[in-house]
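K.L.:
pasting the sequence and the predicted coordinates here, then a few questions.
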Amino acid sequence: MMSEPSTKAVFQMIDAALKMSPEKLKGSEGVYQFNITGDDGGTFQMIIDDNGGKAVEGTEQEADCTLEISAEDYRGLVGGTVNPTEAFMSGQLKIDGDIGLALKLQNILNELAPSI
């Protein structure tokens, strides 16, 4: 069985992918905060602005949209095995703040998926 990448490693991959493809982020500007629960949890932010995007550990800026999800479900979300809408409907994913921004997240992850 392959060991899963840690939550921190996943965010490092997202950080690299965001920096690689700033043009794919246009229209998705905002601060997305992830409150990851469980053994491999933590707080991370994905910050997208006019200069592109980055992923950071901790809270660097005030969040526009906060998502709470378990580390396991988060990896599934990024890996494409967990559908964000279904996760939200079933309560695996809790969203606070700008729902419109949260909806854009799926598009961002789909764009970045090949490079993560």
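P.N.:
Arrived safely, thanks for sending. Numbering: from 1, shown residues only.
K.L.:
need the contact list for Ile108.
P.N.:
24-25, 28, 46, 48 (CB atoms under 8 Å, 6 or more residues apart in numbering). C-beta coordinates here come from the backbone N, C-alpha and C atoms, glycine included.
K.L.:
would you list these in JSON lines and tack on pLDDT?
P.N.:
Output for those, formatted as JSON lines (pLDDT from 0 to 100):
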{"residue": "Lys24", "pLDDT": "86"}
{"residue": "Leu25", "pLDDT": "91"}
{"residue": "Ser28", "pLDDT": "93"}
{"residue": "Met46", "pLDDT": "96"}
{"residue": "Ile48", "pLDDT": "96"}
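K.L.:
list the residues that contact the closest residue to Leu18 other than its chain neighbours.
P.N.:
Once flanking residues are discounted, Leu18 sits nearest to Gly53: 3.5 Å by CB to CB, 6 or more residues apart in numbering. Residues in contact with Gly53 (CB under 8 Å, 6+ apart) are 18-19, 22, 25, 46-47.
K.L.:
which one of these has the most neighbours?
P.N.:
In terms of neighbours by other CB atoms under 10 Å, the contacts of Gly53 top out with Met46 at 26 neighbours.
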